[in-house]
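Enquirer: next input, structure requested:
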Amino acid sequence: MWSSAEHHPHATLLSDFILGSQDGLVNVLGILLGLVAATNDVRVIFIAAGAALAAESISMGAVAYTSTLARRNLYLAEMERETAEMRDVPELERAEVRTILQKWGYEGNDLEEMLRRIEAKPKAMLAIMMAFELNLAEVPEAAPRRSAEVVFTATVVGSFIPLLPFFVLYQNLHWAALGSVIVSAAMLFAVGWYEARTTLGVVWKSGLRMIGIGLGAGLAGFLVGHFAALL
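Expert: A predicted model of the protein is given here:
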């Protein structure tokens, strides 16, 4: 059945999901591979990975909250400034709107008519100035909390992925590490696939890019652990 309601992915939530899941997975994978190269003590590996999961999830959620809150505060401050300028220097703001309309292809009588219509609607004029002069998108009041929740949850989930084989293969850490690399690569590819399906990317390119980034970081962790064990 056809519905008039269109569904569009929320760009901020998509980026928050990718940020959290990729960060959690990559960090824990690197730590696990480094520890496997440096020690055979499975208890140490679980403790270190658990501590990294907890610290990373809380840290990422907090960063998402404060950064989104900062964007909201910036938007509100600029909106107050634009409102004051519309009141105090209306001709300057009118000229700026005219410039925007000219970039959109308006000219002559059409330009003046559209400018007059926009001036008659202060909210519309303010929205145009915020979006097309300052290039700022509105940040809703609930956005900081929502962003923190998405990033925190995605980081927890992403951090658990490379840990899963260790719960099953803890008696053979090298097989567990191999399993961790495989499931992590699969998850990274899935995240890249989802990103490409949601946007305009090529699914296999996006998936392979995610794998390259994630496994590259994991390799770095392995090398650090390997050379640390030789000291």
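Enquirer: contacts and neighbour counts: CA atoms only from here.
Expert: Will do.
Enquirer: now the chain, which segments are flagged as low pLDDT?
Expert: Counting by pLDDT under 70, the chain shows low-confidence ranges at 1-11, 198-201, 225-226, 228-231.
Enquirer: distance check, the residue lying farthest from the centre of it against Leu115.
Expert: No residue in the chain has its C-alpha farther from the mean C-alpha position than Asn109, which lies at 43.8 Å (C-alpha atoms, centre = their mean). In this view, Asn109 and Leu115 are 10 Å apart by C-alpha to C-alpha, to the nearest Å.
Enquirer: re earlier: secondary structure element for the residue farthest from the centre of the chain?
Expert: helix 108-119 (DSSP states H and E).
Enquirer: just checking, next helix/strand downstream of that helix?
Expert: Once the chain leaves helix 108-119, the next helix or strand it forms, by DSSP H and E, is helix 122-128.
Enquirer: which parts of that next one are buried?
Expert: Under the neighbour-count criterion of 16 or more other C-alpha atoms under 10 Å, helix 122-128 has 125-128 buried.
Enquirer: from those residues, which is closest to Glu80?
Expert: Set against Glu80, the nearest of those by C-alpha to C-alpha is Leu126 (9.9 Å).
Enquirer: how near is Trp75 to Gly158?
Expert: I think there's a mix-up here, since residue 75 is Tyr and not Trp. For Tyr75 relative to Gly158 (C-alpha to C-alpha), the value is 31 Å.
Enquirer: show me which of these two is the more surrounded one.
Expert: Ranked by neighbour count (other C-alpha atoms under 10 Å), Tyr75 and Gly158 place Gly158 first, with 29 against 19.
Enquirer: list the residues that contact that one.
Expert: 20-25 (C-alpha atoms under 8 Å, 6 or more residues apart in numbering).
Enquirer: just the ones of these in helices?
Expert: Judged by DSSP state H, the subset of the contacts of Gly158 located in helices is 20-25.
Enquirer: Gln102: which of those residues is nearest?
Expert: Ranked by distance to Gln102 (C-alpha to C-alpha), the ones in helices among the contacts of Gly158 are led by Gly20 at 41.0 Å.
Enquirer: which ones are touching the closest one?
Expert: Applying C-alpha under 8 Å, 6+ apart to Gly20 gives the contacts 57, 60, 150-156, 158.
Enquirer: can you list contacts of the host helix or strand of Arg94?
Expert: Element membership of Arg94, judged by DSSP H and E, is helix 90-103. Residues lying outside helix 90-103 but in contact with it, judged by C-alpha under 8 Å, 6+ apart, are 85-86, 111, 115, 119, 125, 128-129, 132-133.
Enquirer: what are the buried residues along that helix?
Expert: Neighbour counts over helix 90-103 (16+ other C-alpha under 10 Å) mark 93-94, 97-98, 100-101 as buried.
Enquirer: in TSV: the residues you listed, plus distance to Leu33.
Expert: Compiled in TSV, these are given as follows (distance: C-alpha to C-alpha, whole Å):
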residue	distance to Leu33
Glu93	58
Arg94	60
Val97	56
Arg98	59
Ile100	54
Leu101	56
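Enquirer: picking up where we left off before, give me the angle between the helix holding Arg94 and helix 108-119.
Expert: 130 degrees (axes from the mean of the first three to the mean of the last three C-alpha atoms, to 10 degrees).
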